[in-house]
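*Asks:* Got a predicted structure plus its sequence, pasted below:
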Amino acid sequence: DAKTTQPNSMESNEEEPVHLPCNHSTISGTDYIHWYRQLPSQGPEYVIHGLTSNVNNRMASLAIAEDRKSSTLILHRATLRDAAVYYCILRPFGLNTDKLIFGTGTRLQVFP
Amino acid sequence: DTGVSQDPRHKITKRGQNVTFRCDPISEHNRLYWYRQTLGQGPEFLTYFQNEAQLEKSRLLSDRFSAERPKGSFSTLEIQRTEQGDSAMYLCASSPTRGNEQFFGPGTRLTVL
């Protein structure tokens, strides 16, 4: 299973942009990069995913390095509600499995 | 609410007892997943179903654990002869098809005394 590396924790002030990094140097050509987050006392929720190109949605942006060995989740204006654990997950396409393999993630603290 | 629901939300049991948890996925979602999460760790995959067929089981799923999805809708996860090490949050998720985002329920927190 391909492995990801994330910082244990990060801090931000409210309304500032946040860049959450993820290293995945052993990524294979068929691995999609997924991000989930887990708010306190809740189950994880999907944030965004991508393969090669940068992606934007209403929650965040995903910037993927050209060699795909790293990616960055961008929250454009952090709010207090964005305080959560963020998980970067590699999800293979085409294999006979459909599980998510979570690491320990990055705990994001947002200060008012 | 049309999200994934789990019941009960909390369960306290004594070591050696059997427990059963229920998960109701989002309507018409074919895939249903079970994960377990201990404090400070990310969720760990246990098993998943496509409709009523159990397609994959983790090696974490010892023979004391059994999961079913008899009619392809709700699922149950049973733990027999519980041990203190089974104390964790048990999360259920569903998705419409393979590879799609997974929608998680709020979890069932199990405490084994």
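*Replies:* Happy to help now that I have it. Numbers count the residues shown, from 1 in each chain, chains lettered A, B, ... in the order given.

*Asks:* which strands and helices sit next to the strand or helix carrying A:Gln109?
*Replies:* According to DSSP states H and E, A:Gln109 maps onto strand A:106-111. Contacts defined by 3 or more C-beta pairs under 8 Å, 6 or more residues apart in numbering or on different chains; DSSP states H and E place strand A:106-111 against strand A:9-13, strand A:18-23, strand A:84-92. (Glycine included, C-beta is placed from N, CA and C.)

*Asks:* And A:Glu14, how close does it get to B:Phe103?
*Replies:* 28 Å (C-beta to C-beta, to the nearest Å).

*Asks:* Chain B contacts on chain A?
*Replies:* A:32, A:34, A:41-46, A:49, A:85, A:87, A:91, A:93, A:97-105 (C-beta under 8 Å from any C-beta of the partner chain).

*Asks:* one step back: and A:Glu14 and B:Phe103? Which one has more around it.
*Replies:* B:Phe103 (21 against 14; other C-beta atoms under 10 Å in any protein chain shown).

*Asks:* tell me which element the residue nearest the centre of chain B is part of?
*Replies:* In chain B, the residue lying closest to the centroid (C-alpha atoms, centre = their mean) is B:Trp34, at 3.5 Å. Using DSSP H and E, B:Trp34 sits in strand B:31-37.

*Asks:* quick check, the helix or strand following that strand touching chain A?
*Replies:* Next helix or strand after strand B:31-37 toward the C-terminus (DSSP H and E): strand B:44-50. Yes. Contact of strand B:44-50 with chain A (C-beta under 8 Å from any C-beta) involves B:Glu44, B:Phe45, B:Tyr48.

*Asks:* Show me the one in those that has more neighbours than the rest.
*Replies:* Neighbour max across the residues of strand B:44-50 next to chain A (other C-beta under 10 Å) = B:Tyr48, 28 neighbours.

*Asks:* Leaving out sequence neighbours, find the closest residue to it.
*Replies:* Nearest non-adjacent residue to B:Tyr48, counting by C-beta to C-beta, 6 or more residues apart in numbering or on different chains: B:Tyr33, 4.3 Å away.

*Asks:* which of the residues of chain A next to chain B are buried?
*Replies:* Among these, those classed as buried by 16 or more other C-beta atoms under 10 Å in any protein chain shown are A:34, A:43-44, A:46, A:49, A:85, A:87, A:91, A:98-103, A:105.

*Asks:* Identify the residues contacting the strand or helix carrying B:Ser66?
*Replies:* Taking DSSP H and E as the criterion, B:Ser66 maps to strand B:65-68. For strand B:65-68, contacts defined as C-beta atoms under 8 Å, 6 or more residues apart in numbering or on different chains pick out B:Trp34, B:Leu46, B:Thr47, B:Phe49, B:Gln54, B:Leu61, B:Ser75, B:Thr76, B:Leu77, B:Glu78, B:Ile79, B:Gln80.

*Asks:* Equivalent analysis for stretch A:64-72, please.
*Replies:* So stretch A:64-72 is contacted by A:19-25, A:27, A:33, A:50-55, A:62-63, A:88 (C-beta under 8 Å, 6+ apart).

*Asks:* if we go to 7 Å?
*Replies:* A:19-25, A:27, A:33, A:50, A:52, A:54, A:62-63, A:88 (C-beta atoms under 7 Å, 6 or more residues apart in numbering or on different chains).

*Asks:* residue contacts, the closest residue to B:His29 other than its chain neighbours?
*Replies:* Leaving out its chain neighbours, the residue that sits closest to B:His29 by C-beta to C-beta, 6+ apart is B:Ser94, at 3.8 Å. Applying C-beta under 7 Å, 6+ apart to B:Ser94 gives the contacts B:Val4, B:Pro25, B:Ile26, B:His29, B:Arg31, B:Leu32, B:Phe103.
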